[in-house]
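*Asks:* only geometry, no sequence info:
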């Protein structure tokens, strides 16, 4: 929408209906101009940084069975070697394995940080998807009102049917549980 078009009062009945949807006719539809729908992947590609990708890779590995197997082998070798049971003859970290405990604690700190970084990235993706959903829903609503207006459909009747359907669906979810 151009600035000139945004400054003009709504010239069609559908736009007047949309303008009145927020409770006041002020020649503003949802307070903003419509922008084209953006591609989530292109936006995320611009936001992605090497550090974030590294954190995602580490988090993916840390959440895998390969990570568990690697640590089982590492801990086994460390403990058996330091107890002298593996015949390896090195005893640099005697029982109760203080050095191993410190290393594992540091690893846990870093892994928790990587998990939080990945969760923040997932939250950003979720926020972006919600924004794109809102833009698409807004676009669909505007098109629907225009099409309905062109077809002569009674907007108030349609809205009352929608309200009743939403009420019925909420009642059904409440009666049957939201997990259904």
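*Replies:* On my side now, so go ahead. Quick caveat: nothing in here was measured; it's all calculated off a predicted structure.

*Asks:* which residue is nearest the centroid of the protein?
*Replies:* residue 126 (1.4 Å; CA atoms, centre = their mean).

*Asks:* quick one, grab the pLDDT at that residue.
*Replies:* For residue 126, the pLDDT comes out at 94.

*Asks:* how close does it sit to residue 138?
*Replies:* 19 Å (CB to CB, to the nearest Å). Just so you know, the C-beta spots here come from the backbone N, C-alpha and C atoms, and that holds for glycine as well.

*Asks:* what's in contact with the helix or strand containing residue 56?
*Replies:* Following DSSP states H and E, one finds residue 56 within helix 50-62. Applying CB atoms under 8 Å, 6 or more residues apart in numbering, the external contacts of helix 50-62 come out as 67, 111, 113-115, 117-118, 121.

*Asks:* now do stretch 63-70
*Replies:* residue 61.

*Asks:* list the contacts of the residue nearest to residue 28 when sequence neighbours are not counted.
*Replies:* Spatial nearest neighbour of residue 28, chain neighbours left out: residue 19 (6.9 Å); criterion: CB to CB, 6 or more residues apart in numbering. Residue 19 is in contact with 10, 25-29, counting by CB under 8 Å, 6+ apart.
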